[in-house]
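> Give me the fold of what follows.
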Amino acid sequence: MQKSVRYNEGHALHLSVVARKEGTKRGFLSKKTTENSRWTEKYFALYQNVLFYFENEQSSRPSGIYLLEGCTCERAPAPKVSAISKEPTERQQHYFQVIFGHDGQKPLELRTEKESECNEWVECIQQVGYSDIMVEREILMQKYIHLVQILETEKIATTQLRTQLEDQGTEMERLKAEITAVNKTRERMQPYQKNQEEEDPDIKKIKKVQSFLRGWLCRRKWKIIVQDYICSPHAESMRKRNQIVFNMVEMETEYVHQLSILVNCFLRPLRMAASSKKPPISHDDVSSIFLNSETIMFLHEIFHQGLKARIANWPTLVLADLFDILLPMLNIYQEFVRNHQYSLQVLANCKQNRDFDKLLKQYESNAACEGRMLETFLTYPMSQIPRYIITLHELLAHTPHEHVEYKSLEFAKSKLEELSKMMHDEVSDTENIRQNLAIERMIVEGCDILLDTSQTFVRQGSLIQLPSSSERGVLSKVRLGSLSLRKEGERQCFLFTKHLLICTRASGGKLHLLKVAGTLSLIECTLIEELDANDEDSGQGFNHLQFKVMVEPPDSQAFSVALLAPSRQEKAAWTSDISQCIDNIRCNGLMSSVFEENSKVSVPHMIKSDARLHKDDVDISFSKTLNSCKVPQIRYASVERLLERLTDLRFLSIDFLNTFLHTYRIFTTAAVVIDKLADIYKKPFTSIPVRSLELFFATNQGAWGTDPLNTKSPRLCRKFSSPPPLVIPSRTSSPVHNRKLSLGAKAGALDLSTTPCSSTANSPTSIHSPCLSSPPPNSTRSPSALTSPPPFPRDVSPCRSPSTPRHPRYRHTGGQNSRCTMSPASAFAIATAAAGHSGSHGLNNYDKTCDKEFLIRRAATNRVLNVLRHWVSKHSQDFDMNRELKSGVMSLLEEMLRDPDLLPQERKATTNIISALSQEDQDDVQLKMEDISQTSHRAECFESLSAMELAEQITLLDHLVFRSIPYEEFLGQRWMKIDKAERTPYIMKTSQHFNDMSNLVASQIMAQTDLGSRASSIEKWLAVADICRCLNNYNGVLEITSALNRSAIYRLKKTWAKVCKQTKSLMDRLQKTVSSEGRFKNLRETLKNCNPPCVPYLGMYLTDLAFIEEGTPNFTEQGLVNFSKMRMISHIIREIRQFQQGPYRIEHQPKVTQFLLDKTLVMDEDVLYELSLKTEPRVSPC
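From the prediction side, this is the model:
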């Protein structure tokens, strides 16, 4: 039906003239006015589907026009006399009305004096309205669809019948041949039968038997035909398809029922409670908890009704049009999924209110809830979209390709997958924001920098802040281990991509930022990893566990923060992450300053211009979420593109680096990674994509001949005012004032001092660092002399490979006035920011080419060293388990050391990596589980040990077992394979240790013969579990609570009756904390708010990893690596390793551990249950 008509006045006048002359129906009718409801007589003319009315029969212009297409006309009853009392009633009137199909248009009410005339008008208007035709068209369309389906079925049946007819024809030919042979035999036997009787009774019997056999054979034949069709693939496929549809209807019915319970039993009652005089919850909290669940319920009720209507037409099932209607409305799930985690958090906060918690438990006790909690109902919509995808996938598997709705179902499946991916990306994007907000809420003073969406969390942990030299003397090792230093100097540190937060923890668990060094901006920091003996912040007896962060704020005095790590592994992890963050910030800042000054292409625009970084291709696919470098995260990619991203010189995302190094063995080998790094170092120009090189130097030719001192923008100076990328002393600057720039190398800091190299040789911050030679303090030498290159020898090639001598401009010639080699950052600033400060002089093309090549070589070397340092410091287990990998890295590093072009800080970093690879495990002083097992000491009895001693030693043992698991065992669900004992020995040891400890608890309780002793044992073990909770040992809590929940212990009603109420309520709280309900929801929330050291329950992480492994494949159908899956696996492994690296400061007590590891005290399950039955026999029912 046409919704709008373009009106032409001339055309309308012409039609009105034709209507008056040749109209289908013409005459006077009374029309009811809308203003005063009075009846006025008008002259009406009907032409085709247009109705004109005039003031009188002689009027040349119509007073109005009605378009009758799609309208209906029907007789109307006469109004009441009171309504028309003002008009004469001597004549009987016949009423009818025209109802238009347009929304908002009032019906046209008309009347005539004659009934026949009224019927004629109604019939004519009804005819031109085409409503009957439209209804008939819908009916015919339904019949057409039905006939098409019947035709498809008939085609299949025809094919089968044709095959059967051919078989029958062959059978008939065979039977004819048999009949012919029988007739011939009969003719030969006729002479012998003439003497016999005409019809023998035996012959009659034989004929009856033959007739019976023929009928039986015919029925058997048809039965075989029917059975063949029933067993045919087509019939089987149709049965499975119908079964899938029936199951989908059942699941949809159950889902709608769950949503109705959520709305009717929780949402609407809580809304009413929020409107009461003393509301236990506010309306805002109700909206935050339930989100748009009511709208989702209404949507699925409509969809469910459509499904039931389709089932009524079984076996003709057409579902595609239902999904076409449903798809545009499923976007409402985005809001629910995006805020689901926040919804559960608001609910947890509201439960702190006793009135609300009591009211919620009352709602949950409703019989319709079937014992399920509100959190369970809020989780159901999260899995509905994946459920639809799985159902459509199964439905398409059993739908023939030539089916009438195959393409529609395939389109619906693709749209649902796109929606699911979009929802996943939004959830991933908000996870980081929620994590930052959770940390921000823990800080009493608040922290505005955490509200920045680009701030990405890297790591957290406990470090000890060493007092400054003015506050203490040299601390002894005894003083280091004392309780006062740990209590006063312990700091909770949070590292983000741009800032480092240092906090103290109050008694209530809240955090307070330090007043002086609480928030450190990494752009202003310099990391010094190894402190020399003459450094004022270096202490004696710290075993090289301390490191220092130098801070040089632009608007205040510089200061330093000395931190002490609990172990070498922790120190390596912290320093690696801090230096990586600083390196990324400095590199991005240097590129920004250079390109903004000397190029028309800024760095964000330069990266944005590279389509390989954000546009999908055949070998890569991106998500909408940005990483810490503001580049779209990779969803799927080939191995080549992942290695290319790993070695991209413009940026390096910490999240990408950690994900790659955690999971690379799933899709490639270590040898391939090492070969790629070696290619980047040896052949940077051929290994880096050409487009990236072009954009790296895009339009960077305009400012080579200008004076940088005169053209440097204030924004550039402000951005790197402290510390700058390169400091060139002015005539009035002090020669002893220096600046440091961290390059993320193990050498510590690069000293760009204005003092000569020889004068700073013994400085702790510049022993292995290059420096720019400068004139003596009283010299008036101009700054341009520092950067003027010496004349080039004619026999030296301007461009050298990394293995050839460096360009003379960068050659170290020695002497007081010689120029030392500079850092890659300094070379970058010089090479791209007009190089030397030589007044009006500019670099020629010769210098430009060498600067570019030198810059690329230095940047490539720096990138390779950064990746190797991160790999060696964070993933040292790779090299311990793979000797070929270790030898390959060692040979690459030794080759780098032989390179004469290597800068001093690069040489120092290379030496540090080689030293880290060559040295054996320096943490051998730490206690190991094997040492405890081999210790021979007299074990104490349970009664002589205190709950504190038991809890501490259980925590120590659990942490030692948990810490020993290498992260390689978490990949590929190895712990679920047949040969799991060989592939994951440490996970199996952890599981066995959990079972042994749980068996020990149960055995010790059942070993008590006295009723009071058993109750006292239960109370003591629960006290141990509570202390384990205080020590953040949730694995120990679960070991004890699972032992108490065993059938052998749980059934001891008399024993539990002796346990006090406080202990029982303590057990309920502990069980609620470690409960597996909602995928360990409470335990996850507890782990988010606790700080290492901590021992989580390993089974929770194994469940998460198994869910990820089973739900998504490692590779797509096109052979691309599913890097989104790798990222999820890496995040779980990072959380596990974060808890593994936080050591406990608990002293080993052999007498307690001997009791805990004593196998002779442990009974198996059958013995425990038999002893339980003897202790408290079953009570027979009366």
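> and Thr159, how many neighbours does it have?
10 (other Cβ atoms under 10 Å). From N, CA and C alone the C-beta is placed, and that goes for glycine too.
> who does Val549 bridge with?
Note on Val549: beta-bridge partners by DSSP bridges are Leu527, Val561.
> Going forward, count from 583.
With the count now opening at 583, the last piece we talked about shows up as Val1131.
> Isn't it up against Ser1142?
Yes. Applying Cβ atoms under 8 Å, one finds Val1131 in contact with Ser1142, separated by 6.7 Å.
> quick one: low-confidence ranges for the stretch 1333-1482 of the chain?
1333-1434 (pLDDT under 70).
> can you rerun that using 80?
Judged by pLDDT under 80, the stretch 1333-1482 of the chain has its weakly predicted residues at 1333-1438, 1440-1441, 1456, 1459, 1463.
> ok so, going back, of Val1131 and Ser1142, which one has the most company?
Val1131 (23 against 17).
> Quick one: residues contacting that one.
1082, 1102, 1107-1110, 1142-1143, 1145, 1160 (Cβ atoms under 8 Å, 6 or more residues apart in numbering).
> Leu1225: which of the residues you listed is nearest?
Proximity of the contacts of Val1131 to Leu1225 (Cβ to Cβ) peaks at Ile1160, which lies at 25.9 Å.
> Burial check on the residue lying closest to that closest one once chain neighbours are set aside, number of neighbours?
Spatially, and ignoring its direct neighbours in sequence, Ile1160 is nearest to Leu1109 (5.3 Å; Cβ to Cβ, 6 or more residues apart in numbering). Leu1109: 25 surrounding residues under other Cβ under 10 Å.
> Isn't Pro862 up against Lys943?
No. At 11.9 Å, Pro862 and Lys943 do not qualify as touching, with contact defined as Cβ under 8 Å.
> If you count surrounding residues, which of these two has more?
The neighbour comparison of Pro862 against Lys943 (other Cβ under 10 Å) goes to Pro862, with 18 against 12.
> so Gln1151, which of the three states?
Classification of Gln1151 by DSSP: H, G, I helix; E, B strand; the rest coil places it in helix.
> ok so, going back, mind pulling the model confidence for the residue nearest to Ile1160?
Leu1109 carries a pLDDT value of 84.
> contacting residues for Lys933?
939, 942.
> Kindly list the main-chain dihedrals of it?
phi -70, psi -20 (degrees, to the nearest 10).
> I'd like the distance between it and Asn921.
According to Cβ to Cβ, to the nearest Å, Lys933 and Asn921 sit 18 Å apart.
> ok so, going back, pretty sure the residue nearest to Ile1160 is touching Thr1157, no?
Yes. With contact defined as Cβ under 8 Å, Leu1109 counts as touching Thr1157 (6.4 Å).
> what bits of the stretch 1633-1764 of the chain have low per-residue confidence?
1660, 1670-1674, 1692-1693, 1723-1724, 1741, 1760-1764.
> Apply 50 and report the result again.
The stretch 1633-1764 of the chain contains residues with pLDDT under 50 at 1764.
> what ranges do the helices span in it?
For the stretch 1633-1764 of the chain, the helices defined by DSSP state H, counting those that start in this stretch cover 1635-1640, 1643-1655, 1659-1670, 1680-1693, 1705-1723, 1732-1738, 1747-1757.
> What helices and strands are in contact with the shortest one?
In other words, helix 1635-1640. helix 1593-1612 (3 or more Cβ pairs under 8 Å, 6 or more residues apart in numbering; DSSP states H and E).
> give the contact list for Ile1600.
By Cβ under 8 Å, 6+ apart, the neighbours of Ile1600 are 1587, 1626, 1631, 1637-1638, 1641, 1645.
> let's see it at 6 Å
Contacts were defined as Cβ atoms under 6 Å, 6 or more residues apart in numbering; by that measure Ile1600 touches Val1641.
> roughly how far apart are it and Lys1635?
13 Å.
> Same check on Asn846?
39 Å.
> List the buried residues of stretch 624-640.
If you call a residue buried by 16 or more other Cβ atoms under 10 Å, then stretch 624-640 has these buried ones: 624-629, 631-636.
> So which of those residues is the closest to Val986?
Nearest member of those to Val986, counting by Cβ to Cβ, is Asn631, at 34.8 Å.
> Need the phi and psi values for the closest one.
Asn631 adopts backbone torsions of phi -110, psi 30, taken as degrees, to the nearest 10.
> And Ser1303, what's its pLDDT?
Value listed for Ser1303 in the pLDDT field: 31.
> tally of neighbours for Thr1757?
For Thr1757, the count of nearby residues is 17 (other Cβ under 10 Å).
> Then Cys1085?
Using other Cβ under 10 Å: Cys1085 sits among 24 other residues.
> Find the nearest non-adjacent residue to it, please.
Here the residue nearest Cys1085, using Cβ to Cβ, 6+ apart, is Leu1093, at 4.1 Å.
> Bridged to that neighbour, which residues?
Bridge pairing for Leu1093 - DSSP bridges - gives Ile1025, Arg1087.
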